[in-house]
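1. pasting the sequence and the predicted model now:
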Amino acid sequence: MALICLDLDGTVLHEGKPVKGVIESIKLLKENNHEIAIATGRSPLLLNNYDSLLGIDYLVLANGGYVQVKGDIIFERYIPNKCVKKAMEYSDNENVDLVIEYDDKYVAYRKNTDIPDRFCDIFKIEKPDIDCKYYPNRNVFSMIVFDSEKVDDMRKKLPELQFNSSNELGYDVNLKGDLKADGIKALVKHLGYKMNDVFAIGDGYNDISMIKTVGHGIAMGNASQELKDTAEYVTTDVNNYGLMNALKYYSLI
């Protein structure tokens, strides 16, 4: 029996919808007594019930900052409020669009351009309303910034945080660490798996740490080259049965 950790966007989903072969593949995995986890950069608010649609009970969300097992939270890590405040101050001083993913709200702290809304269109998620307040006691899963020219400067001025390209428009901002790998380690420990029996499949920069950590790391055919170079195996594109072909290659289905 194996544990298979699936990224969502670009791996299981394309433009917000499960791609061909995904539902069937998950059903076959279950019939073969394997267990499945979602491992995504999306926070709980942005999961959009994909866990229910796919029938998956193990969730590694917010790039590893929040892990849930059949409704129970087993691991959570938030961005410290002082770091959030520093990011807001940078956004104000440099006029950078910034979106905040709170535990109960998804809002734009600053939205001077249409880029945050275009970002949401790509992932088929709700566009954030503007809320310029600072909430010192509200949990923050992650943030998103939308200025590639300022990212290197932000890395220097906000060394506690980690910036990973989510797509051509935005950068995921998380507390520095191993991201999804940390969440998967917590899940693996909780379920009692050996890491060699764990598979992970993804396509983005935020998947690199988990691909390196698990026993068998798989890159989608549409993945970044850096992820492909890290992976044990590269499958076909998301729209060309990439997930199903990878699972067949490893005889999991």
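-> That came in fine, so what should we check first?
2. and the helices in this structure?
-> Secondary structure of the chain (DSSP state H): helices at 22-31, 50-54, 81-94, 115-123, 151-157, 180-191, 208-213, 225-230, 242-249.
3. adding distance to Ala37, write the ones you listed out as TSV.
-> In short, each C-beta sits where N, CA and C put it, glycine included. Output for those, formatted as TSV (distance: least, CB to CB, whole Å):
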stretch	distance to Ala37
helix 22-31	11
helix 50-54	10
helix 81-94	27
helix 115-123	20
helix 151-157	29
helix 180-191	6
helix 208-213	10
helix 225-230	18
helix 242-249	14
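4. of all those, which lies closest to Gly64?
-> helix 180-191 (3.2 Å; CB to CB).
5. next one: that closest one to chain centre, how far?
-> Chain-centre distance of helix 180-191: 14 Å, with CA atoms, centre = their mean, to the nearest Å.
6. by contact count, what packs against it?
-> Helix 180-191 sits against strand 3-6, strand 35-39, strand 58-61, strand 66-69, strand 72-76, strand 198-202, helix 208-213, with contacts defined as 3 or more CB pairs under 8 Å, 6 or more residues apart in numbering; DSSP states H and E.
7. contacts for the third one next, please.
-> So the one you mean is strand 58-61. With CB atoms under 8 Å, 6 or more residues apart in numbering as the test, strand 58-61 has contacts from 3, 5, 35-40, 42-44, 47, 51, 66-70, 141, 180, 183-184, 187, 191.
8. buried subset of those residues as a PyMOL selection?
-> Command for PyMOL that selects the buried part of those, burial taken from 16 or more other CB atoms under 10 Å:
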select buried, resi 3+5+35+36+37+38+39+40+42+43+44+47+51+66+67+68+69+141+180+183+184+187
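9. excluding chain neighbours, give the residue nearest to Met210 in space.
-> The shortest distance from Met210 to any non-neighbouring residue, by CB to CB, 6 or more residues apart in numbering, is to Lys180 (4.0 Å).
10. ok, that neighbour to Leu252 distance?
-> Going from Lys180 to Leu252 by CB to CB, to the nearest Å gives 20 Å.
11. and Gly221, by the same measure?
-> Using CB to CB, Gly221 is found at 18 Å from Leu252.
12. mean confidence for stretch 109-116?
-> Stretch 109-116 comes out with an average pLDDT of 95.
13. pLDDT score for the residue nearest to Met210?
-> pLDDT recorded at Lys180 is 96.
14. wait, isn't it in contact with Ala62?
-> No: the pair Lys180 and Ala62 fails to qualify as a contact (CB atoms under 8 Å) at a distance of 9.5 Å.
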